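A.B. asks: What would the 3D arrangement of this be:
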Amino acid sequence: MSQTETVRLKSVVDHTRVCVTELIPNCELGEDEDEFDIEDDEEFEGIAKVYDKTISELGNALVGSPIGIISD
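C.D. replies: Below is the predicted model:
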């Protein structure tokens, strides 16, 4: 994957992460809206871990030799 594609993909992942975090509080938590199921919490944590790892991997792919003029 080229640097350009990596930057674009990282941007898409960042954007969808924001969308997901805005949607999670609006998810149905069960029959009783005050009830929060532990399984839901674990599922949300799993989603967060996937985004964290993906963003981390994409960030690592972008680290490389600097481009442009470097002055000391």
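A.B. asks: where exactly do the helices run in this protein?
C.D. replies: The residue ranges that make up the helices of the chain, judged by DSSP state H, are 3-23, 38-62.
A.B. asks: which helices and strands sit right next to the longest one?
C.D. replies: Helices and strands touching helix 38-62, by 3 or more C-beta pairs under 8 Å, 6 or more residues apart in numbering; DSSP states H and E, are helix 3-23. All C-beta spots, glycine's among them, are computed from the backbone N, C-alpha and C.
A.B. asks: Now do the buried residues in the helix or strand of the chain with the lowest mean pLDDT.
C.D. replies: Considering only helices and strands, the least confidently modelled element of the chain by mean pLDDT, DSSP states H and E is helix 38-62, at a mean of 82. When burial is assessed from 16 or more other C-beta atoms under 10 Å, helix 38-62 yields the following buried residues: 51, 54, 58.
A.B. asks: same deal with stretch 10-27?
C.D. replies: Residues of stretch 10-27 classed as buried under the neighbour-count rule (16+ other C-beta under 10 Å) are 10, 13, 17.
A.B. asks: ok, and what's touching it?
C.D. replies: For stretch 10-27, the external contacting residues (C-beta atoms under 8 Å, 6 or more residues apart in numbering) are 40, 44, 47, 51, 54-55, 58-59, 62.
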